[in-house]
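S.K.: just the structure for this:
(one chain, ligands or ions: 3)
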Amino acid sequence: MNTIKSYIDANKNRFLSELVELLKIPSISADSAYKEDVLKTAEAIKESLHKAGCDHVEICETPGYPIVFGEKIIDENLPTVLVYGHYDVQPPDPLDLWDSPPFEPVIKPTDIHPEGAIFARGSCDDKGQMYMHVKAMEYMTETGQLPCNVKFMIEGEEEVGSESLAWFVPRNKEKLANDVILISDTGMIANDIPSITTGLRGLSYVEVEVTGPNRDLHSGLYGGAVANPINVLTKMIASLHDENNHITIPGFYDKVEVLSKEERAEMAKAPFSLEAYKDALDIEAVYGEEGYTTNERNSIRPTLDVNGIWGGYIGEGAKTVIASKAYAKISMRLVPNQDWEEITQLFQTHFESIAPKGVRVKVNPHHGGQGYVTPIDSIGYQAASKAYEETFGKVPIPQRSGGSIPIVSLFEQELESKTILMGFGLNSDAIHSPNEHFGVWNYLKGIETIPWFYKHFTELKSK
Ligand code: BES
Ligand code: MN
Ligand code: MN
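M.R.: Ligands and ions are numbered 1, 2, ... in the order given. Model (predicted):
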């Protein structure tokens with residue numbers, strides 16, 4: 001299959017320009033003003049799947065944004081790979097921090113991307129990574145090298161919680177039946193240190209509201225004599241961690257999986273430079289739960305973070321006021337075995353219980369999802385590992401990620417198959433941030449590696 005390299009060489013410019021076209025459509029699922037663009041993106045993906053050789057392509061309606069489905073079944077007796085990805089993107093704001101407009105893609109060199117990177121919202125998360133699969137499919141069908149059946153399921157609500165996909169999957173089990181699920185929506189350690197993601201964290205996302213007096217008050221006339229919702233909220237939030245940065249919610253750690261010494265030692269073998277990590281973020285010191293390393297803190301341990309906090313006067317100058325209400329958005333990243341609904345309940349009960357007299361507290365749960373771990377002795381993982389070995393010349397390192405793709409645990413539950421997370425992005429690609437980008441080298445490496453997965457998976461499966 002050494003012709004994949006020559007196929008890429010011959011088609012590289014087209015692969016890039018097609019992705020650039022896709023990135024121009026602002027498919028922001030969180031903002032209803034972009035509804036037409038989200039729908040237009042679904043149409044564009046459908047068209048691309050058809051061109052890549054799918055025999056059957058379809059836009060599947062849901063209560064929300066549609067799911068693009070495509071398939072090529074060459075022989076019922078052969079294994080089936082189901083590719084999942086998302087065509088929606090995060091909102092691009094703050095716009096003024098972008099060096100070039102988020103939906104006008106440009107290719108520019110960076111310090112670590114000698115062949116340049118494509119700068120645009122969604123370039124890495126996830127249009128660029130999803131499109132690698134479309135182009136790998138094109139290669140396999142064009143050159144008659146597709147070794148098994150393929151299905152594509154590309155959704156448009158990942159960035160807002162995948163509600164419609166959670167509705168769609170249980171209703172379409174037959175249509176989605178597969179032997180393995182393949183996703184590129186994560187990252188790897190570095191271009192010369194390939195890794196495969198073996199775990200994702202779960203998530204519980206809540207919004208809290210603290211109400212004090214029935215109206216905003218003069219802070220001189222009333223200050224000190226009534227509970228100030230902002231003072232109270234910040235104190236309550238501060239109490240959610242103790243002096244060792246453990247989370248204080250009763251029962252929060254009860255189901256947390258404890259890794260053995262051996263497993264932690266294995267994890268610690270992954271190359272990591274604390275100095276480079278601090279430099280990249282311009283911080284003097286790292287911070288986190290006592291007793292754990294940075295890589296443990298951001299993967300095998302659960303966390304609680306305020307994502308936004310507001311209330312009171314934030315305009316120009318000063319206004320002496322005690323606000324009636326204060327708000328915060330809080331996310332908890334969970335590890336396998338922690339149940340997100342249970343944790344949400346524990347949070348709610350605890351947060352309400354620590355509210356002092358004089359305020360009312362409301363907890364509004366948003367979305368959530370379970371974490372996921374994939375065993376490295378599965379055929380799917382072995383096939384992926386061999387694929388990386390073919391194209392990187394190195395055995396990839398298994399690594400748990402701190403991010404979440406909540407729908408993955410539902411796939412396992414409903415479709416009873418394992419998910420393999422072959423991500424080709426880098427942590428420095430700025431996903432969800434201004435100046436998101438995806439290395440040209442990474443994009444092409446992904447296209448090169450994917451067909452090897454199909455080959456090895458089909459071979460291992462037939463043994
Ligand atoms: N692709 C990311 C998740 C990701 C990125 C996992 C990098 C591992 C490494 C996905 O699009 C995402 O942003 N997920 C959200 C959760 C979702 C419910 C909004 C997240 O992790 O915050
Ligand atoms: Mn994503
Ligand atoms: Mn994302």
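S.K.: only C-alpha atoms from now on, for both contacts and neighbour counts.
M.R.: OK.
S.K.: list, one by one, the residues from the stretch 51-200 of the chain near ligand 2.
M.R.: Within the stretch 51-200 of the chain, the positions adjacent to ligand 2 are D125, D126, D185 by C-alpha under 5 Å from the ion.
S.K.: give me the three-state assignment for the residue lying closest to the last one once chain neighbours are set aside.
M.R.: If you skip the residues right next to it in sequence, D185 has G423 as its closest partner in space, 5.5 Å away by C-alpha to C-alpha, 6 or more residues apart in numbering. At G423, secondary structure determined by DSSP: H, G, I helix; E, B strand; the rest coil is coil.
S.K.: how many residues are close by E284?
M.R.: 9 (other C-alpha atoms under 10 Å).
S.K.: over to S17?
M.R.: Residues near S17, counting by other C-alpha under 10 Å, number 12.
S.K.: ok, T80 next?
M.R.: By other C-alpha under 10 Å, 26 other residues sit near T80.
S.K.: that one reaches K175, doesn't it?
M.R.: No. Counting by C-alpha atoms under 8 Å, T80 stays clear of K175, with 11.4 Å between them.
S.K.: for the longest helix along the chain, which positions count as buried?
M.R.: Counting residues, the longest helix in the chain under DSSP state H turns out to be helix 440-462. The neighbour-count check on helix 440-462 (16 or more other C-alpha atoms under 10 Å) flags 440-458 as buried.
S.K.: likewise stretch 301-309?
M.R.: Those would be R301, P302, T303, L304, for stretch 301-309 by 16+ other C-alpha under 10 Å.
S.K.: same check on stretch 286-295?
M.R.: E289, N295.
S.K.: can that stretch be found next to ligand 1?
M.R.: No. Remark: stretch 286-295 sits outside contact range of ligand 1, by C-alpha under 6 Å from any ligand atom, the gap being at least 13.2 Å.
S.K.: show the end-to-end separation of that stretch, please.
M.R.: Distance across stretch 286-295, first residue to last, is 11 Å (C-alpha to C-alpha, to the nearest Å).
S.K.: domains in this structure, by residue range?
M.R.: With automatic domain parsing as the criterion, the domains of the chain are listed as 4-200+371-462, 203-256+302-368.
S.K.: can you count the residues close to the residue in the stretch 151-300 of the chain positioned nearest to ligand 1?
M.R.: Proximity of the stretch 151-300 of the chain to ligand 1 (C-alpha to the nearest ligand atom) peaks at T186, 3.7 Å away. Neighbour count of T186, defined by other C-alpha under 10 Å: 24.
S.K.: ok, now which ones touch it?
M.R.: Going by C-alpha atoms under 8 Å, 6 or more residues apart in numbering, T186 touches T197, S401, G403, L421, M422, G423, F424, G425.
S.K.: which residues does the fifth one contact?
M.R.: What it means is M422. M422 makes contacts with L182, I183, S184, D185, T186, G187, I196, T197, A384, as judged by C-alpha under 8 Å, 6+ apart.
S.K.: hang on, the earlier thing: which of the residues of the stretch 51-200 of the chain next to ligand 2 has the most neighbours?
M.R.: Counting by other C-alpha under 10 Å, top hit in those: D125 with 29 neighbours.
S.K.: the contacts of M422 in strands, which ones?
M.R.: Residues of the contacts of M422 located in strands (DSSP state E): L182, I183, I196, T197.
S.K.: the third one is in contact with E389, isn't it?
M.R.: Meaning I196. No. Counting by C-alpha under 8 Å, I196 stays clear of E389, with 11.6 Å between them.
S.K.: out of the two, which sits in the busier spot?
M.R.: Taking neighbours as other C-alpha under 10 Å, I196 and E389 compare with I196 leading, 26 against 16.
S.K.: and the closest residue to that one other than its chain neighbours, what are its phi and psi?
M.R.: Distances taken as C-alpha to C-alpha, 6+ apart place P398 nearest to I196, at 5.0 Å, with adjacent residues excluded. Main-chain dihedrals, P398, degrees, to the nearest 10: phi -70, psi 130.
S.K.: turn the buried residues of stretch 301-309 into JSON lines, columns for secondary structure.
M.R.: Formatted as JSON lines, the buried residues of stretch 301-309 follow (three-state DSSP):
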{"residue": "R301", "secondary structure": "coil"}
{"residue": "P302", "secondary structure": "coil"}
{"residue": "T303", "secondary structure": "strand"}
{"residue": "L304", "secondary structure": "strand"}
